[in-house]
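**Q** here's my sequence, what's the structure:
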Amino acid sequence: MDPSSQNLLLFLFRNRKALLMAPLIAAVAAAIFSGPWFITPLYESSVVVFPSTTNSPSKALLPQNTYQDQDFLEFGAEEQAEQLLQVLSSDAIFDTITTRFKLIEHYDLDPSSPTLRTDLHEEFSDKISFERTQFMSVRISVLDQDPQMAADMANAIVDLLDRVKSRIQRERAAVGLNLVKNEYQKVRQELRDMEDEIKSLRRKGVHEYEGQSMVVSEQYATAIAEGRGDKVIKQLKSVLDTLAKYGGRYVALRDELHLMKEEEVKIKTKLDQSRVDAQQVLPATFRVNAAVPADKKEYPVRWLLVVVSALSAFVATMVVILGANTWKELKEKLPS
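**A** Numbering: from 1, shown residues only. As a prediction, this is how the structure comes out:
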């Protein structure tokens, strides 16, 4: 055995009483002071939820003009999980939960304190946590001295999360519905105006420009060649003049009307989708499990406090003894 090891063993043996008694006393003290008489035990309840891929009923359920249809039964990814965390951190969640469960009284805070909201936020953050897991789900955990209240709060937060996210979705959908409705009414009015103008052109004698122009031109040429009466020739000439005058506008209106009707169908589809989104709601989350009252406290971890206290006392005792011995040796070496 090398000299350093022998010195260490000798040191431990000479000071065995202090090195044993100090950790023992610290462990006993930690066991006593970590009990419920000194530290209020806290119980944890948690809920795990997965975000949905979409909250839009129209995108999830109605036919889409895309190859990437969204399945509302599919779990969301990182972006949707981050959105849930943002909603969970909102004032809507905080204010509703603190009011419903009377957390100012429950956390024994001073209602007249000028920093009441800050103090309440600190207690809320200490006792309630939201985190994204490696599986892109969100864990909601609540610590409380009452296990039933911890479970009730965790479940209430999940229920509120769905309502808040759905409310935000409906508010946006309502704005979109008004925009699409106005656009649809505008398109419908343009269609009516064009249809009225086409009816007016038809009353003037323009019905189907290309075919009508060809037939009347042949009739006109034949009438001249056969030497028919001036009345017939004048009538045919009048029809040709009318077609020449209004035919271009008729063709332009007809083609534009066809395109506008296609646009109307697209906007009508958007209108139907927006109306569904504004009136119907899909859950924002898939709840893996409901929170239940814990039957074992989460804090404090008594055995850990005892072990840490004993080890800390052992190390502290060694440092004190080494310091005392070093000081004694220095004093002996100093001239008297």
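**Q** now do the strands in this protein.
**A** All strands of the chain, identified by DSSP state E, fall at 43-51, 128-132, 138-144, 285-287.
**Q** residue boundaries of the helices in this structure?
**A** Counting by DSSP state H, the chain has these helices, from start to end: 3-14, 16-33, 57-61, 78-88, 91-100, 103-106, 116-127, 147-203, 209-226, 230-279, 302-333.
**Q** what's the angle between the longest one and helix 78-88?
**A** By that I understand helix 147-203. Interaxial angle, helix 147-203 versus helix 78-88 (axes from the mean of the first three to the mean of the last three C-alpha atoms, to 10 degrees): 110 degrees.
**Q** for helix 147-203, packing partners?
**A** strand 43-51, helix 78-88, helix 91-100, strand 138-144, helix 230-279, strand 285-287 (3 or more C-beta pairs under 8 Å, 6 or more residues apart in numbering; DSSP states H and E). Where C-beta positions appear, they are placed from N, C-alpha and C, glycine not excepted.
**Q** what is the distance between the first one and the centre of its chain?
**A** The one in question is strand 43-51. Distance of strand 43-51 from the chain centroid (C-alpha atoms, centre = their mean, to the nearest Å) equals 16 Å.
**Q** quick one: L160 and I97 touch, right?
**A** Yes - using C-beta atoms under 8 Å, L160 is in contact with I97, at 7.0 Å.
**Q** and the contacts of stretch 141-159?
**A** By C-beta atoms under 8 Å, 6 or more residues apart in numbering, the surrounding residues in contact with stretch 141-159 are 40-47, 49, 88, 93, 97, 100-101, 106, 126-131, 140, 285, 287, 290-295, 298-299.
**Q** re earlier: could I get the helices and strands packed on helix 147-203 as JSON lines with mean pLDDT and distance to L322?
**A** Shown next, in JSON lines, are these (pLDDT from 0 to 100; distance: least, C-beta to C-beta, whole Å):
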{"stretch": "strand 43-51", "mean pLDDT": "88", "distance to L322": "42"}
{"stretch": "helix 78-88", "mean pLDDT": "83", "distance to L322": "50"}
{"stretch": "helix 91-100", "mean pLDDT": "92", "distance to L322": "52"}
{"stretch": "strand 138-144", "mean pLDDT": "91", "distance to L322": "41"}
{"stretch": "helix 230-279", "mean pLDDT": "83", "distance to L322": "73"}
{"stretch": "strand 285-287", "mean pLDDT": "77", "distance to L322": "57"}
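**Q** picking up where we left off before, go through the strands of the chain and name the closest to G205.
**A** Among those, the nearest to G205 by C-beta to C-beta is strand 43-51 (64.0 Å).
**Q** tell me what angle that closest one forms with helix 147-203.
**A** Using the same axes, to 10 degrees: strand 43-51 against helix 147-203 is 20 degrees.
**Q** picking up where we left off before, how about the strands of the chain in a markdown table, adding mean neighbour count?
**A** Shown next, in a markdown table, are those (neighbours: other C-beta atoms under 10 Å):
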| stretch | mean neighbour count |
| --- | --- |
| strand 43-51 | 22 |
| strand 128-132 | 16 |
| strand 138-144 | 22 |
| strand 285-287 | 18 |
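**Q** for stretch 218-226, which outside residues touch it?
**A** Counting by C-beta under 8 Å, 6+ apart, 232-233, 236-237, 240 sit against stretch 218-226.
**Q** of the residues you listed, keep whichever come out buried.
**A** In the contacts of stretch 218-226, burial by neighbour count holds for 236, 240, counting by 16 or more other C-beta atoms under 10 Å.
**Q** identify, from the contacts of stretch 218-226, the entry nearest to H121.
**A** L240 (84.4 Å).
**Q** surely the closest one is in contact with S217?
**A** Yes - L240 lies in contact with S217 (C-beta under 8 Å); the separation is 6.7 Å.
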